[in-house]
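*Asks:* Predicted model, plus sequence, below.
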Amino acid sequence: DIQMTQSPSSLSVSLGDNVTFTCEASENIYGFLAWYQQKLGKAPKLLIYGATNLEDGVPTRFSGSGSWTNYSLTISSLEPEDIATYYCQNNHVYPLTFGSGTKLEIK
Amino acid sequence: EVQLVESGGGLVQPGRSLKLSCAASGFTFSDYNMAWVRQAPKKGLEWVATIIYDGSRTYYRDSVKGRFTISRDNAKSTLYLQMDSLRSEDTATYYCATHDVGFGDWFAYWGQGTLVTVSS
């Protein structure tokens, strides 16, 4: 199975910050990487697929990058509604696997 | 508007069975591969199973193979998860989700989830 390692596990941030967190796959996933946002008590929401493609309706302050085994999600100028946990997901091969998440907290 | 509404969760004893349902609306259900994804309390997301749009193929994570069965009724726009021989480690919120319409294996739409608690 492909292991997805996210870092950091939590991040203390201020509104207006630019935030980047990373996701490393245990083998090459050829850009088949998605990012999800999950707010407390809610279902996850798709943000980015194919490593860099923004899902319709997602604010442009979100962006994704990466290739091979290393990927990142950047939020430019953090808004209050961005406080959530973020998960990456391998969708290159089955079993489909998620990272353990990065939780954003306000300083 | 896409809607996925799960039902059937609850408290069940270890070794017993439970069947979850997911009623879909707002899109052409038969065009989408569908999945169940679960989340144990205060834990991360875990893919459970996927069924192809026409029901011809299914995929499962190893820990549920032989115990869980994913199925669908395209005429009723409903997805199911039959869970047998339940274990305490199956305790989780179970989400119904659509794969991407172009058959990409990411999850475009999610239901609100139904909680399954396996305990004596």
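*Replies:* Ah, there it is.

*Asks:* The spatially most central residue of chain A in helix, strand or coil?
*Replies:* By CA atoms, centre = their mean, the mean C-alpha position of chain A lies nearest to residue A:35, the distance being 4.0 Å. At residue A:35 the chain is in strand, as set by DSSP: H, G, I helix; E, B strand; the rest coil.

*Asks:* quick one: it and residue A:64 touch, right?
*Replies:* Yes - with contact defined as CB atoms under 8 Å, residue A:35 reaches residue A:64; the gap is 5.9 Å. Using the backbone N, CA and C atoms, a C-beta is placed for each residue, glycine as well.

*Asks:* Between those two, which contacts overlap?
*Replies:* A:47, A:48, A:73 (CB atoms under 8 Å, 6 or more residues apart in numbering or on different chains).

*Asks:* wouldn't the first one be in contact with residue A:36 here?
*Replies:* Yes - counting by CB under 8 Å, residue A:47 sits close enough to residue A:36 to count as a contact (6.2 Å).

*Asks:* So for these two, which sits in the more crowded spot?
*Replies:* A side-by-side neighbour count of residue A:47 and residue A:36, using other CB atoms under 10 Å in any protein chain shown, places residue A:36 first with 27 against 23.

*Asks:* My read is that residue B:25 contacts residue B:3, right?
*Replies:* Yes - using CB under 8 Å, residue B:25 is in contact with residue B:3, at 4.7 Å.

*Asks:* who touches both of residue A:47 and residue A:36?
*Replies:* residue A:86.

*Asks:* Chain A: strands as residue ranges?
*Replies:* With DSSP state E as the criterion, chain A has strands at A:4-7, A:10-13, A:19-25, A:33-38, A:45-49, A:53-54, A:62-67, A:70-75, A:85-90, A:97-98, A:102-106.

*Asks:* make that chain B, sorry
*Replies:* B:3-7, B:10-12, B:18-25, B:34-39, B:45-51, B:58-60, B:68-73, B:78-83, B:92-99, B:107-110, B:114-118.

*Asks:* Figure out which of those is closest to residue A:23.
*Replies:* Each of the strands of chain B has some distance to residue A:23 by CB to CB; the shortest is strand B:45-51, at 13.1 Å.

*Asks:* what's next to stretch B:34-42, contact-wise?
*Replies:* Against stretch B:34-42 from outside (CB under 8 Å, 6+ apart): A:44, A:96, B:20, B:22, B:24, B:45-51, B:53, B:70, B:72, B:79, B:81, B:89-99, B:107, B:110, B:113.

*Asks:* Can I get it as PDB, trimmed to CA atoms?
*Replies:* C-alpha atoms of stretch B:34-42 as PDB (Å, rounded to 0.1, in the frame of the first residue of the first chain):
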ATOM      1  CA  MET B  34     -19.300   5.400  -5.800                       C
ATOM      2  CA  ALA B  35     -17.400   4.800  -2.500                       C
ATOM      3  CA  TRP B  36     -17.700   4.500   1.200                       C
ATOM      4  CA  VAL B  37     -15.000   6.300   3.300                       C
ATOM      5  CA  ARG B  38     -14.900   6.100   7.100                       C
ATOM      6  CA  GLN B  39     -13.500   8.100  10.000                       C
ATOM      7  CA  ALA B  40     -13.000   6.600  13.400                       C
ATOM      8  CA  PRO B  41     -13.600   9.100  16.300                       C
ATOM      9  CA  LYS B  42     -10.900  11.800  16.400                       C
END
